[in-house]
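Using only what follows, build the 3D model:
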Amino acid sequence: MTPADFASYPTGNLCNANPAVAPLASQIKPLIPGRRVAGRARTARIVPGQNAAIHRAIRDAQPGDMLVVDGAASDRFGHFGDLLAEGCQQRGMTGGVFDCTIRDSADIAALGFQVFARGFHPEATAKNDPGDTDIAVTVGGVLVTPGDIVVGDDDGVVVIPARIADEVLDQVAEVAAREQEIRGRILAGETTFDIFDMGRS
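Below is the predicted model of the structure:
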């Protein structure tokens, strides 16, 4: 199992596969429409207006990691920008999730680097608070532990605890297969009311 294996499945399928798959708050939205990404959580926690921990997390990242930042749901400051996005790409990171605002959105999109954030804000940040890296963080109301699997697409971001990742991957394959079966039955003329055996109400 690798994080890339999960990028084959929509976040909705992953939520259907196992109740332990946790969706982040809907305010955290994708920058690039139509681009699904998945990776291992590389976590950072910052004080709003500071971003030293983000720089450190990127330095320590491994290919296949996804940057996950607890920014205390801040709606000010550009905690992450195009230069950091390029740094992530050079480290082989798959994307970023920010419970805060970022900046340089057009340039990041032009790089093709997918991020999910609460919004955009141009204000500069400082680097004199070290913050924390590689710790459990709360992002979008969900606890994220380093190494958890994070998947994001147009519908949002979900977190899969690392301890059940293999199990969820098997389960989501079954969900996808079941959906294909249902789709075939719909195209053959059946209704979802009958397929799901919803009685005669």
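
number of nearby residues for the residue nearest to Phe6 when sequence neighbours are not counted?
Closest residue to Phe6 apart from its sequence neighbours, by CB to CB, 6 or more residues apart in numbering: Ala38 at 4.2 Å. C-beta: built from backbone N, CA, C; applies to glycine. Neighbour count of Ala38, defined by other CB atoms under 10 Å: 25.

likewise Met93?
Residues within reach of Met93, counting by other CB under 10 Å, total 24.

That one and Ala162: what is the separation?
Using CB to CB, to the nearest Å, one gets 17 Å for the distance from Met93 to Ala162.

hmm, back to that, report the beta-bridge partners for the residue nearest to Phe6.
The partner list for Ala38 in beta bridges (DSSP bridges) reads Val151.

Quick check: it touching Thr94?
Yes. If you go by CB atoms under 8 Å, Ala38 and Thr94 touch, sitting 6.5 Å apart.

who touches both of these two?
Residues touching both Ala38 and Thr94 by CB atoms under 8 Å, 6 or more residues apart in numbering: 3-4, 66.

Show me these that map onto strands.
Judged by DSSP state E, those include Met66 as members of strands.

which residue ranges form the strands in the chain?
22-23, 29-30, 37-45, 65-70, 95-98, 101-102, 115-117, 119-120, 132-133, 137-139, 142-144, 149-153, 156-160.

Give me the distance from stretch 37-55 to the chain's centre.
Relative to the centre of its chain, stretch 37-55 is centred 13 Å away, using CA atoms, centre = their mean, to the nearest Å.

one step back: dump the shared contacts of Ala38 and Thr94 to CSV, plus pLDDT, distance to Pro130 and neighbour count.
Putting the shared contacts of Ala38 and Thr94 into CSV (pLDDT from 0 to 100; distance: CB to CB, whole Å; neighbours: other CB atoms under 10 Å) gives the following:
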residue, pLDDT, distance to Pro130, neighbour count
Pro3, 91, 27, 23
Ala4, 93, 32, 12
Met66, 98, 22, 29
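
Looking at the shared contacts of Ala38 and Thr94, which one is closest to Val21?
Pro3 (14.2 Å; CB to CB).

Contacts only, for the closest one.
38-40, 64, 66, 94, 149.

which residue ranges form the helices in the protein?
Along the chain, the segments classed as helices by DSSP state H run 3-6, 11-17, 52-60, 82-90, 105-111, 165-187, 192-195.

Could you give the average pLDDT over the second one?
Predicted confidence along helix 11-17 averages 98 (mean pLDDT).

Does anything pack onto that helix? Which helices or strands?
Contacts defined by 3 or more CB pairs under 8 Å, 6 or more residues apart in numbering; DSSP states H and E place helix 11-17 against strand 149-153, strand 156-160, helix 165-187.

Looking at those, spot the one closest to Cys15.
Proximity of these to Cys15 was assessed by CB to CB; the nearest stretch is strand 156-160, lying at 6.2 Å.

Low-confidence regions, this protein specifically.
The model of the chain has pLDDT under 70 over residues 200-201.

how is this protein carved up into domains?
Following automatic domain parsing, the chain resolves into domains at 22-160, 162-201.

Using a markdown table, please lay out the ones you listed together with distance to Cys15.
A markdown table is the format used below for the domains of the chain (distance: least, CB to CB, whole Å):
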| stretch | distance to Cys15 |
| --- | --- |
| domain 22-160 | 6 |
| domain 162-201 | 9 |
